[in-house]
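no sequence on hand, only this structure:
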């Protein structure tokens, strides 16, 4: 089986399980919508402040929702020790990482796409901009790559439910800062050229965390 | 087509100097064991003796601290393709509860690149008597049904090396008789079977060898027909009966 076929099979299995169980994306979406709703009504921001804060609030919602998805991804593999089944297969184990990271990314992107119109409505600005979609793609790519790796690390731990966010949020800070700054720039109509440094930082995080998954995923999973 | 180690693997398990510690406590301590081609070796030992750890190491799920593992003369970690020759049954079914039997086995068949896929999966489910339940999600299965499907999964790719950890757990009488029959048919040339059992009495009719794991080491390893030469092991087996 080629490397890409393995990645595709792991991805396909995750989508199939999600389609049958519907326990990941709907929960993430409801959680993210609740956060958007609570922020909007709890903060009671003036229109000027809303524009400035929308990017930050969007990323807080996405980060928290994505962590829920990552936890679901872990629990799926822990149930009946299904992860062992993947590890037993005669495939390069880093392909399992890519398959899982991509499914986590696609699920979170789906939530983001459904969240953007709601944020547009609550914060009075069009958030369905190609520049913002690019930032979301890069930001969530890095966040879910790191999250998938750390989820694998936490899978063996007794305190796995709290371990993932405790490890993930500090390590993902550069991603979240760059994503918020780039998103804020896009929303305030700054040209992408001026946001180059933030976008390059996101791209660097994408490469770094993907490479880390490629190198360390197998070692992390073995007891 | 590229020739891999797995394609030419013979059925022989060779373990030497295996050490595994958990939090500085040795579970396996310089363990050595050889299961020859054609053998069905029952691994016995008390709870916590390290049977599961040994099988998980041999399956490539746990990394040993030190020691050498050769499957058919090839180091276990030389090539991921070697895992195609390993069939493993552990304490859990390794299935996804939201998928049905057909979907679960198809997933594994794809990972093992089984061809023809559909007919192999259907035949595999039929062989364990779960055809009427193949479209039901795994969460509706009883423990015994899950174990039957786990047997089908472990044998799906026709592996040369079988590692079974307490495979009778959860099986009713009919299921246990079915497994006895499967083991009899599986045992033979081009296959090595290592089977861990806490209560191994029923297996002594089928097994060729018995290995006793105690304090992290194999303290006895002999053919079943020479069991009379090992009074201590015989007494242990009587006590666990």
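Great, that's in hand. Only a predicted model underlies this, so the values are computations on that prediction, with no experimental measurement involved.

phi first, then psi, for the residue located most distally from the centre of chain A.
What lies farthest from the middle of chain A is residue A:46; by CA atoms, centre = their mean that is 29.5 Å. With angles defined as degrees, to the nearest 10, residue A:46 sits at phi -70, psi 160.

please tell me how far residue A:34 sits from residue A:61.
Distance of residue A:34 to residue A:61, given as CB to CB, to the nearest Å: 9 Å. In short, each C-beta sits where N, CA and C put it, glycine included.

the closest residue to residue B:233 other than its chain neighbours: what secondary structure?
The spatial neighbour of residue B:233 that comes closest, neighbours along the chain excluded (CB to CB, 6 or more residues apart in numbering or on different chains), is residue B:220 at 4.8 Å. Look at residue B:220: counting by DSSP: H, G, I helix; E, B strand; the rest coil, its state is strand.

thinking residue B:220 is in contact with residue B:226, fair?
No: using CB atoms under 8 Å, residue B:220 makes no contact with residue B:226, being 10.2 Å away.

can you say which helix or strand has residue B:16 in it?
strand B:13-22 (DSSP states H and E).

show me what that strand is packed up against.
Secondary-structure packing of strand B:13-22 (3 or more CB pairs under 8 Å, 6 or more residues apart in numbering or on different chains; DSSP states H and E): strand B:25-35, helix B:51-58, strand B:66-71.

for residue A:51, report the pLDDT, please.
Residue A:51 carries a pLDDT value of 69.

ugh, wrong one, I meant residue A:223
Looking at residue A:223, its pLDDT reads 68.

chain B contacts on chain A?
Neighbours of chain B within chain A, by CB under 8 Å from any CB of the partner chain: A:1, A:5-6, A:9, A:13, A:16-17, A:20-21, A:23, A:76, A:79-82, A:84-93, A:222-223.

buried subset of those residues, written for ChimeraX?
Only the buried members of the residues of chain A next to chain B enter the following ChimeraX selection, criterion being 16 or more other CB atoms under 10 Å in any protein chain shown:
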select /A:1,6,9,13,16,17,21,76,79,80,81,82,84,85,86,87,88,89,90,91,92,93
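
re earlier: for residue B:220 and residue B:226, indicate the residue with more neighbours.
For the pair residue B:220 and residue B:226, the greater number of neighbours falls to residue B:220 (17 against 10), based on other CB atoms under 10 Å in any protein chain shown.

contacts only, for the more buried one.
The neighbours of residue B:220, taking CB atoms under 8 Å, 6 or more residues apart in numbering or on different chains as the test, are B:210, B:211, B:212, B:230, B:232, B:233.

quick check on those: which are buried?
With burial judged by 16+ other CB under 10 Å, the buried subset of these is B:210, B:211, B:212, B:230, B:233.

got any ranges where the chain has weak pLDDT?
Assuming you mean chain A. Low-confidence segments of chain A, defined by pLDDT under 70: A:1, A:51, A:223.

wrong chain, I was asking about chain B
The model of chain B has pLDDT under 70 over residues B:1-9.

and chain B, which residues reach chain A?
Proximity of chain B to chain A is confined to B:6, B:56, B:59-63, B:80-84, B:86, B:88, B:90-99, B:103, B:107-108, B:110-113, B:137-138, B:146, B:153 under the rule CB under 8 Å from any CB.

inside strands: which ones of these?
Among the residues of chain B next to chain A, the ones falling in strands (DSSP state E) are B:86, B:88.

which of the residues of chain B next to chain A count as buried?
B:6, B:56, B:59-62, B:80-84, B:86, B:88, B:90, B:92-99, B:103, B:107-108, B:110-113, B:137-138, B:146, B:153.

give the contact list for the residue nearest in space to the middle of chain B.
In chain B, the centroid-proximal residue (CA atoms, centre = their mean) is residue B:163; its distance is 1.7 Å. With contact taken as CB under 8 Å, 6+ apart, residue B:163 is in contact with B:55, B:58, B:59, B:86, B:87, B:88, B:89, B:194, B:195.

I figured residue B:117 hits residue B:107, correct?
No: the pair residue B:117 / residue B:107 is not scored as a contact, 10.7 Å apart, by CB under 8 Å.

residues shared between the contacts of those two?
Counting by CB under 8 Å, 6+ apart, nothing touches both residue B:117 and residue B:107.

about what we covered before: for residue A:123, state which of the buried ones among the contacts of residue B:220 is nearest.
Nearest to residue A:123 among these, counting by CB to CB, is residue B:211 at 68.0 Å.

which helix or strand contains the closest one?
Taking DSSP H and E as the criterion, residue B:211 maps to strand B:209-214.

one more: residue A:14?
Following DSSP H and E, one finds residue A:14 within helix A:3-21.

I'd like the next helix or strand past that helix.
Beyond helix A:3-21 on the C-terminal side, the first helix or strand identified by DSSP H and E is helix A:25-43.

flag every buried residue along that following helix.
Within helix A:25-43, the residues scored as buried using 16+ other CB under 10 Å are A:25, A:27, A:28, A:29, A:31, A:32, A:33, A:35, A:36, A:39, A:40.

ok, now stretch B:221-234?
For stretch B:221-234, a neighbour-count test (16+ other CB under 10 Å) marks B:221, B:224, B:227, B:230, B:233 as buried.

my guess is the fourth one meets residue B:224, correct?
Spelled out, that is residue B:230. No: at 10.5 Å, residue B:230 does not count as touching residue B:224 under the criterion of CB under 8 Å.

for residue B:124, give me its contacts.
Going by CB under 8 Å, 6+ apart, residue B:124 touches B:105, B:152, B:153, B:155, B:156.

helix, strand, or coil at it?
Of the three states, residue B:124 takes helix under three-state DSSP.

what's the closest non-adjacent residue to residue B:57?
Among residues not flanking residue B:57 along the chain, residue B:64 sits closest, at 5.0 Å (CB to CB, 6+ apart).

and the gap between that neighbour and residue B:19?
In this view, residue B:64 and residue B:19 are 7 Å apart by CB to CB.
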